[in-house]
Structure formats: C-alpha cells, structure tokens
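1. 3D model of this:
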Amino acid sequence: MALIGWIIRIVAILLLVRLVMRFFAGIVRGYSTPASGPSRRSATPATREGGHLVRDPHCGTYVPVGRSLREGSGDSAIYFCSENCRHAWSARKAG
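-> Here you go, the predicted structure:
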C-alpha cells in the first residue's frame, strides 16, 4: 500500500512539473514571436479566415466586404460599416 502512495506522489509531482514547464514555455514563446496583424491606423485592408475585411474611413471599423456599404467602384471604392458613417463621411468631405 505504501508503494502505491509513492507512485501516486511521483506521478503528481511529474504532472505539476510538466504544467509549470508548459506555462513558462508559453511565456517565452509569446515574447519571442512578433505581434502579427495590421496596426490600428493601417490603410491596407485586413484579411481573415472566411473573407476579406475593409476599413471604414470614418470610424476605422473593419467590416467584411459582403456586409459593408460600398460607394464607388473598382480601386476607388470606399466601404462603410453603416449608413451613419457613410453620411458623416460625406458631410465631412462636402463641408
């Protein structure tokens, strides 16, 4: 019975050591890999799994192309997240 108790203690210690090592390995990995993704003020469109994102010029929100409101065509197209942003941007541009 004492042997089983020692085996359980050794297994518990090994599991604890493994958890601690994984924790510190994750921290090291997080500090060593650079942050990816566009900066908040980036003019280049963002991409994500499942679709292309475009940035609203008024509020800066990224929206999927399929859900955005589009003004213009081709490379000069401007995309908005809502009617409010489209109107606010048009008013700012006009005045």
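
2. please parse this structure into its domains.
-> Taking automatic domain parsing as the reference, the chain has its domains at 1-33, 47-94.

3. so residue 13, which of the three states?
-> Three-state assignment for residue 13 (DSSP: H, G, I helix; E, B strand; the rest coil): helix.

4. determine the number of other residues adjacent to it.
-> 10 (other CB atoms under 10 Å). Heads up, the C-betas are built off the backbone N, CA and C, glycines and all.

5. how much space between it and residue 19?
-> 11 Å (CB to CB, to the nearest Å).

6. for the nearest residue to residue 66 once chain neighbours are set aside, give the beta-bridge partners.
-> Excluding its sequence neighbours, the residue lying closest to residue 66 (CB to CB, 6 or more residues apart in numbering) is residue 51, at 6.6 Å. Note on residue 51: beta-bridge partners residue 48, judged by DSSP bridges.

7. dump the residue contacts of residue 51.
-> Counting by CB atoms under 8 Å, 6 or more residues apart in numbering, residue 51 makes contact with 64, 65, 66.

8. so which elements touch the helix or strand harbouring residue 85?
-> Element membership of residue 85 [criterion: DSSP states H and E] is helix 83-94. When contacts are defined as 3 or more CB pairs under 8 Å, 6 or more residues apart in numbering; DSSP states H and E, helix 83-94 packs onto strand 69-71, strand 78-80.

9. touching, residue 53 and residue 62? I think so.
-> Yes: taking CB atoms under 8 Å as the definition, residue 53 is a contact partner of residue 62 at 4.3 Å.
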